[in-house]
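Visitor: Sequence and computational prediction follow.
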Amino acid sequence: MNYYAGIDIGSTAIKLVVIDEEQNLLGSKVAATGALVEKNSMEAYNDLLKDVGLKESDISYLTTTGYGRKLISSADETISEITANALGAKRMGAEFGTVRTIINIGGQDTKAISLDEHGTVVNFAMNDRCAAGTGRFLDMAARNLEISVEQLGEFHFNAKGTPAAVNATCAVFAESEIIGLLGGGHSREEIVAGVHFSIAKRTIRLTKRVGIKDVLYFDGGPALNKGLVAAIEDELGKELAIPKTPQVTTAYGAAIQGLEVHTFEISEAREQA
Amino acid sequence: MSSTGFIAWVGLCLTLVSLGSEGSVGREENSPLWLSGTPPNMEMMKQFSRAHGGMVIRDEERNYSKMLWLRAGDDLKKANYLSDKMGQFYLLDVKSNASQPAPSSADSAHTAIKFKMPDEGYYNAYYMEQNVRDGVRYVDVAKREVLKHNCQLGHDFDVEQHRPQSAKQIPLEVLRLRFDDETYHTRFNSGKNVLFKVLYKGDPVANAAVTISTEEGWSRNSKTDSEGIVSFLVIQDRFKQNEAQEVEKKQYKPKQTEGARKYKKEGKSEHKQAESGGSHGRMRRRSEEFLVTVQYREPSIGEIDGLSYEQSVYTTTFPGHFSPSQSAYKSYAYGLTFGSAGFLVLGIGSYMYRRRRIKPFKEVNLDD
Amino acid sequence: MTVEEFPIKQDLKKKVRKIETGEQRHVRHEAMEAKEVLNEIVNHFSGNPESMDYFYERFEALYCDRQKPHDDKKVIGTMCVQIPDEIIYAAGAVPVRMCNGFYADEQVGSEFMPAKSCSLVKASLGMLKSGTNPYCDDVEMIVNPTTCDQKTKTGSVMRDMGYDVYDMELPPVKESEEGREYWRRSVRKFTKNLKDITGEKVTRKKLKQTIGKVAKAQHSYHRIQQLRKAVPAPVLGKDIFLATNAFFFDDLERWTEAMDRLGDEIEQRVADKHNAAGVRTPRIIFTGSPPIFPNLKIPLMIEQADAVIVADETCSSNRLLNDMVSVDEWFLYDMVDAIADRYLKSCTCPVFTLNEDRQRRLVELYKMYNADGVVYQSFAGCQVYELEQRSIAKILEENGIPMLYIETDYSPSQSGQLSTRIEAFVESLKSRKRKLA
Amino acid sequence: MTKIKNWVNHVDLRSFRFWFQLAAFVLLVYGGRLAIDLGNSLPTFSCGYNRENGGVCYLLPLQHQLAQPWSRLFSGMGLAVLTGLGTFVLWFIVINKGWCGYICPLGTIQDWITALRKKMGIRYSTYSDDQFKKLKVIKYVLLLLLIFIPLGIGGQFLSHDLGTPFCKICPGRMIVPMFNGDFSQWVIDFASTERMILTALGMFITGLFLVGSFIKKRFFCFFCPMSALHYIFAKLSPFKLIKDGGKCTRCGDCYRVCDMEIRPIADDVVSVDILKDDCIMCLKCVAACPEEGCLKVNVLGKTVFEATESGFKKRMTPPEE
């Protein structure tokens, strides 16, 4: 039995996945990125291997993705997170139907990817330089409102009045704007809902650039935020497909890529032999 | 004057006019006498058939006879047919044998001459009469050249053999000089220069007044040069439109049945005819009569029939046909004028346009 | 000034250090930038064509060693691709394209332009302001066509800097007869007015000669273009970008010779079935805002991400050299009009109202060069390219051609995100290719 | 095969055309002397007034035939008209409008006048777009007139003196026979008002023709009713001028060399069959097109001559002095 590992090194978190050759998810892990990317990654990698009971030598192919993909010297292969995300979503989203569109909100970027019926990337869009509407923005908002990120969903559904209009979607300016809104008599719930809706609008605008078709798959850390999911669904008028472990889709895709490349190499070697 | 008398008078006038228009009787004073080949009425016309040189009478043996009528008047269409016989007919046949035929009895109402034309070539018919009025002797000569030609006998036209002839009896004679390239089929097309020579008693006359006039009333005066020669450019009086069309409609007989292929040959031969003046045209050509009149005065003293005179005035006429063909009257000069006009118009136009274009910018004009 | 003169080399014995002047600092910045990009072009790729050395050296000489490209001739600066080189050559001067790609210059230029304006315009202005570019001193006149708003307006800024600026009027509509006539007048006027600057009249004979010379240069470029159609790709796009960039300032005949040598080498490579990239490397058509040395960021990223640029549709390369003048009768009028037509009618610059030509051109390039995708670069603030992006994307999509739209500027940052996009695009092209195979 | 193709695509069209035109000129203008007769349905201005021609321009017999009395025209003669037209079409489709660019004696003469102007260093004139659009209608008007005037004559509405009206005003009648030393057409015919006007107009137009073709390339072809007649049948010809709009960069090189100033050749990127009514199919555009395979000549769907980059290079690079 061959095993494959995928590491997705994002700006905020490192996500790791181990799969077998049937693409079954054996285990996954999320760790903070930090500054010593390679060290942190390898520690988390070893932890995960221990959890699933494998040795490093059992892994046939280690594939890395994400911004830090080139920082891991022991990686067999690197792929971009968009391709990885698509591969992962195709597999993980299979239970919802054929995934044709992916929304991925990460720590510092938002991506929209459209796939064809075979799961190949047809088009994608990313937010431009600023971190507006990304996970980082949610972090900032939660911190300013003195709640935890996990509580955001709860606050969203508890909002009684109209959601506050949050205009500046810039992560840097969020602080001052939220203070302004609090001063204007808005409750925290309203502000949270407002933040969610503003991110939702922004995300949908981005997604429309690649086109919205069939199953709309939503992953990345913020997909765990039920409030945000609800906001996007309300804005879009369409249900989203959320995987059980939305954070690790990309790492999962990276592992699948490793599996495919490895299989291809084996068959090629066989042909040559 | 009573009204009955007036009506009678008008009636008389009308009768006279109608008689005149039928063409018979008298001759106005000083109107030229000339010999015409056109029968005076349609009844007569039926006896004639077409041949080279005009209408002829053809008998059973295919012998040609020609008949000429004596007419008087400048207007060649309406000139009166004369019926009095004051003068004498003369005839010169092809071989210059002279005779003095009597007036023909074929048309008793008019003065006419009829003669047989056995040989190929030019016959010259003359009529001459003289009278004295107010001490002046008037000698009037009418001459006509008649060509006999039968295409079946060949086309060898010898200019020498057919050179113009003159009769000894005729004091003032007009000769039409032959063209260098003359054939039996040569026509006097408009645009050609026709030369006439005037002889008085066999010698060329310088400075004789010669007039040419045509059916349509065009005329031109000229004087002979030192050799007695005068030249006229045969001009085409403009046809009356209807008449031209009548001719076309009546006589236009297209022969093409083989379709397009034939057209080309037609086009070409037509062109060649225009060049050579041949008569094998697809259409019969229109022809018009012209009349050359020469006058010559000479002081001479004598007496005729008891009337004495101190001066003689000789008048000789020479009629003929000329052909306004398709290429009836073409002018190179005008052609070149129009051509150069086009040349200049566009040349100057484009020069001006180009000059104007050198100027930087021309505003767009709006029509208001 | 050469690198040796930089005060950075301290005289250790005397233990004194002169502080750089602004100009020296700017020169150093430019040299650093140029050196870095040249390094990347030369050293990060293996198997560079040998005849590219000429071009590498040309750039190094110009930006690091500050050698003037033209000593003896008058230099006429041009701001856009629409200024006819032939006429300037015929007037006895040398055209030098003032479009610039230095980040250091862009920083200087930001002073004169709004924050959200195009990097290229800012950098060009910055170059003129700092005046450190080796050919800036000699520029007799800058010909500034009225292309996009930003370029049009920079005319006055350049005038304020003390340059002699000639505004050449370009119509915004190129399809109409009025537009054609308008531009012809502009070109005719320019031909006439050039004499005042250069002192040499454009004559029939001279213009004919220079048309021939420029045509020769174009032919050698075209030859390489034809060779680039070969599969596998015999040469990388970054090299061609660099070579065509040298056309901006290099001596025409020397450049042509160098291109001929490069052509010979590429021809040999095609015969040898040499592969400049990988076996499954996607072939890319590059379009949009022009990559101008040293801002070859995006082309380099593309080729580092294992794709190869086989053709481009930019005014620094293909649009600059593609269309040639044909003349029926070698008279001044005919030649000038022919030149005017060539620079207007075939121009696919997005400033014109319609961009149908550019759409067709891209589709055709895609087919002709057996490409797999299109990368569309737009400088942030370049409204016309940003605007056209949609219509181009639509046409390409209709034709089933994948396109990556990248908004970028001259800043060296943001490369992390850019490379992710480019790599993802290249990967998607690869998987598409695999599937098609 | 590739070699031949290559050779064709690199041909020096200018001199090829010159010699071809010269040969065609001799054949048609002096052919009669050599006992050559190609009939009288030729789709080119081989003037019937030229006595030595090697074949006759179709317009002359056409006008003749149509002037038949109607009773004749609409019975047996009609068949002859159709036969003539059929022959004309058969001749025409062989090389399509190439008749104008390569064979027409009047066209060749214009090219020679152009060459003379070139020698003298005088530039040519052009029409503006506006003028072009207005003027191009003239040839259709002439075509209609040359059909309806003879019909009017046949129906006895018009005078016979208006027969072959176009030939009367066609400068070919004056100019082509001239090459056989025949100047007999350089006249005004005073036989009737109609003739006088037509022949005067003809001479005037001859004057225009001579100046016009001196300053404007192929001046007369623009007004040529034969060209209009050609265009009616152009689609039937297997000889086609094809444009691949996708490859076109609209650089206008083809328009620049076009003697007929046909703008769509450069601007139209939609039409495949790019032959326009004014085209004389001289193929200069194909020779001047720098885009590989953008313009080409197809015969029965097979490309015989096409634009190539190397061909352009060979033909269009100015000779170094």
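Guide: Perfect, thanks for sending it. Numbering: from 1, shown residues only, chains lettered A, B, ... in the order given.

Visitor: Neighbours of B:Arg355, how many?
Guide: Applying other CB atoms under 10 Å in any protein chain shown, we find 9 residues neighbouring B:Arg355. C-betas here are computed from N, CA, C, even on glycine.

Visitor: So for it, what's the pLDDT?
Guide: We have a pLDDT of 78 for B:Arg355.

Visitor: Going by contacts, tell me the helices and strands next to the host helix or strand of it.
Guide: Assigned by DSSP states H and E, B:Arg355 belongs to helix B:332-358. Packing contacts for helix B:332-358, counted by 3 or more CB pairs under 8 Å, 6 or more residues apart in numbering or on different chains; DSSP states H and E, involve strand D:188-189, helix D:193-215.

Visitor: Once you drop chain neighbours, what's closest to A:Gly68?
Guide: Spatial nearest neighbour of A:Gly68, excluding adjacent residues (CB to CB, 6 or more residues apart in numbering or on different chains): A:Ile9 at 3.3 Å.

Visitor: In contact with the one you found, which residues?
Guide: A:33, A:37, A:41, A:64-69, A:71-72 (CB atoms under 8 Å, 6 or more residues apart in numbering or on different chains).

Visitor: so of these, which ones are in helices?
Guide: Using DSSP state H, the members of those that fall in helices are A:37, A:41.

Visitor: Going through the contacts of A:Ile9, which ones are buried?
Guide: A:33, A:37, A:41, A:64-69, A:72 (16 or more other CB atoms under 10 Å in any protein chain shown).

Visitor: Which of those residues fall in strands?
Guide: If you go by DSSP state E, these have A:64-65 in strands.

Visitor: Could you point out which of the buried ones among the contacts of A:Ile9 is nearest to C:Leu354?
Guide: Distances from C:Leu354 to those, taken as CB to CB, are shortest for A:Tyr67 (40.4 Å).

Visitor: From chain B, how far out is the residue nearest to A:Gly68?
Guide: A:Ile9 sits at a distance of 65 Å from chain B (criterion: CB to the nearest CB, to the nearest Å).

Visitor: got it, and A:Lys50?
Guide: Distance from A:Lys50 to chain B, by CB to the nearest CB: 85 Å.

Visitor: Could you do C:Phe59 as well?
Guide: For C:Phe59 relative to chain B (CB to the nearest CB), the value is 43 Å.

Visitor: Also C:Gln417?
Guide: Distance from C:Gln417 to chain B, by CB to the nearest CB: 51 Å.

Visitor: pLDDT score assigned to that residue?
Guide: 77.

Visitor: likewise B:Ala106?
Guide: pLDDT, read off for B:Ala106, is 78.

Visitor: Identify the residue nearest it in space, chain neighbours excluded?
Guide: Closest to B:Ala106 by CB to CB, 6+ apart is B:Lys114, at 5.4 Å.

Visitor: helix, strand or coil for that neighbour?
Guide: Here B:Lys114 is strand, with the state taken from DSSP: H, G, I helix; E, B strand; the rest coil.

Visitor: Show me which positions of the helix or strand containing C:Leu262 end up buried.
Guide: Using DSSP H and E, C:Leu262 falls within helix C:252-271. For helix C:252-271, a neighbour-count test (16+ other CB under 10 Å) marks C:252, C:255-256, C:258-263, C:265-267, C:269-270 as buried.

Visitor: how about CSV for the residues you listed, with pLDDT and distance to C:Arg358 added?
Guide: Listed next are the buried residues of helix C:252-271 as CSV, based on pLDDT from 0 to 100; distance: CB to CB, whole Å:
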residue, pLDDT, distance to C:Arg358
C:Leu252, 93, 27
C:Trp255, 95, 26
C:Thr256, 95, 27
C:Ala258, 96, 29
C:Met259, 96, 25
C:Asp260, 96, 30
C:Arg261, 96, 32
C:Leu262, 96, 27
C:Gly263, 95, 27
C:Glu265, 95, 31
C:Ile266, 95, 27
C:Glu267, 95, 30
C:Arg269, 93, 30
C:Val270, 93, 28
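
Visitor: any idea which of the residues you listed is closest to C:Ala217?
Guide: When the buried residues of helix C:252-271 are compared against C:Ala217 (criterion: CB to CB), the nearest one is C:Thr256, at 4.4 Å.

Visitor: Contact partners for the closest one?
Guide: C:213, C:216-217, C:220.

Visitor: Mind checking which of the residues you listed are buried?
Guide: Buried among the contacts of C:Thr256 (16+ other CB under 10 Å): C:213, C:216-217, C:220.

Visitor: Just list the residues touching A:Thr134, thanks.
Guide: With CB under 8 Å, 6+ apart, A:Thr134 has these contacts: A:105-110, A:127, A:171.

Visitor: Most neighbours among the residues you listed, please name it.
Guide: Neighbour-wise, these (other CB under 10 Å) top out at A:Ile105, 30 neighbours.

Visitor: Find the nearest non-adjacent residue to the residue of the stretch 201-350 of chain B found nearest chain C, please.
Guide: Residue of the stretch 201-350 of chain B nearest chain C, by CB to the nearest CB: B:Ser350 (14.4 Å). Excluding the flanking residues, the one nearest B:Ser350 by CB to CB, 6+ apart is D:Ile215, at 5.1 Å.

Visitor: Make sure the one you found is actually in contact with D:Leu116.
Guide: No - counting by CB atoms under 8 Å, D:Ile215 does not reach D:Leu116; the two are 11.3 Å apart.

Visitor: Neighbour count for these two, which is higher?
Guide: Neighbour count, other CB under 10 Å: between D:Ile215 and D:Leu116, D:Ile215 has more, with 22 against 12.

Visitor: And that one, how close does it get to chain C?
Guide: 12 Å.

Visitor: One more: A:Thr207?
Guide: 15 Å.

Visitor: where does that residue land on pLDDT?
Guide: 89.

Visitor: do the same with D:Lys217
Guide: So, for D:Lys217, pLDDT stands at 93.

Visitor: Quick check: closest non-adjacent residue to it.
Guide: D:Asp259 (4.0 Å).

Visitor: all strands for the stretch 251-368 of chain B, in order.
Guide: B:288-304, B:307-322, B:330-331 (DSSP state E, counting those that start in this stretch).

Visitor: re earlier: could you single out the nearest of the contacts of A:Thr134 to chain C?
Guide: Among those, and counting by CB to the nearest CB, the member closest to chain C is A:Asp109, at 6.7 Å.

Visitor: residues in contact with the closest one?
Guide: A:11, A:126-127, A:131, A:134, C:417.

Visitor: run the last query once more with 7 Å
Guide: A:126-127, A:134, C:417 (CB atoms under 7 Å, 6 or more residues apart in numbering or on different chains).

Visitor: In strands, which of those fall?
Guide: Reading strands off those with DSSP E, I get A:Met126.

Visitor: which residues are contacting stretch C:194-201?
Guide: Here stretch C:194-201 has contacts from C:74, C:87-88, C:91-93, C:140-141, C:202, using CB under 7 Å, 6+ apart.

Visitor: Can you pull the residues of the stretch 101-250 of chain D lying near chain B?
Guide: When proximity is defined by CB under 7 Å from any CB of the partner chain, the stretch 101-250 of chain D lies next to chain B at D:125, D:159-160, D:184, D:186-192, D:200, D:203-208, D:210-212, D:215.

Visitor: SS state for whatever residue of the stretch 101-250 of chain C ends up closest to chain B?
Guide: Proximity of the stretch 101-250 of chain C to chain B (CB to the nearest CB) peaks at C:Arg185, 6.9 Å away. With three-state DSSP as the basis, C:Arg185 sits in helix.
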